[in-house]
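Visitor: this one's sequence-less:
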Ligand SMILES: O=C(C1CCC1)N1C[C@@H]2C[C@H]3C[C@@H](O)[C@@H](O)[C@]2(C1)O3
């Protein structure tokens, strides 16, 4: 019903705000666009579900997410993929993993501080009802 669409509209506004803030953070520049498969030809052999901040934003606009939890699953792919593809002890890999861990902690801190548990429960109810 209309009230449900109002809730999902508010969810999309919240998720766009979170995603935009992450994309503006200079630490997360490497996460803003898909990994370039021309530059990294074996990437899709290692990483089965690529994800990046611009794709998150597109998914929001295409109404892919009905709950914050679904958004978090895709957001988590970004840092999880970075840890998986860049596991070595060389400085570049360590730098990428440091930023991946910062992304993980930053997303969780924003959600903990800014998502109302009751709002997420309403979104989960809408999801179950569909
Ligand atoms: O995993 C990533 C991104 C970093 C966070 C996501 N990449 C895989 C390649 C390995 C490393 C060095 C460059 O070859 C560059 O192409 C990539 C991009 O970084």
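Guide: Yep, that arrived. Values in this document were obtained by computation on a predicted structure and should not be read as measured data.

Visitor: name the residue closest to the centre of the protein, please.
Guide: Nearest to the centroid of the C-alpha atoms of the chain, with distances taken as Cα atoms, centre = their mean, sits residue 75, at 1.9 Å.

Visitor: who are the contact partners of it?
Guide: 51, 56, 107 (Cβ atoms under 8 Å, 6 or more residues apart in numbering). (C-beta placed from N, C-alpha, C; glycine too.)

Visitor: got the phi/psi numbers for the closest residue to residue 127 other than its chain neighbours?
Guide: Nearest residue to residue 127, sequence neighbours excluded (Cβ to Cβ, 6 or more residues apart in numbering): residue 66, at 4.5 Å. The phi and psi values for residue 66, taken as degrees, to the nearest 10, are phi -110, psi -20.

Visitor: how about stretch 15-24 and the ligand, touching?
Guide: No. Judged by Cβ under 6 Å from any ligand atom, stretch 15-24 stays clear of the ligand, getting no closer than 13.1 Å.

Visitor: which SSE is residue 107 in?
Guide: helix 91-114 (DSSP states H and E).

Visitor: what helices and strands are in contact with that helix?
Guide: With contacts taken as 3 or more Cβ pairs under 8 Å, 6 or more residues apart in numbering; DSSP states H and E, helix 91-114 sits against helix 2-24, helix 68-85.

Visitor: buried ones in it?
Guide: In terms of neighbour count (16 or more other Cβ atoms under 10 Å), helix 91-114 has its buried residues at 96-97, 99-100, 103-104, 106-107, 111.
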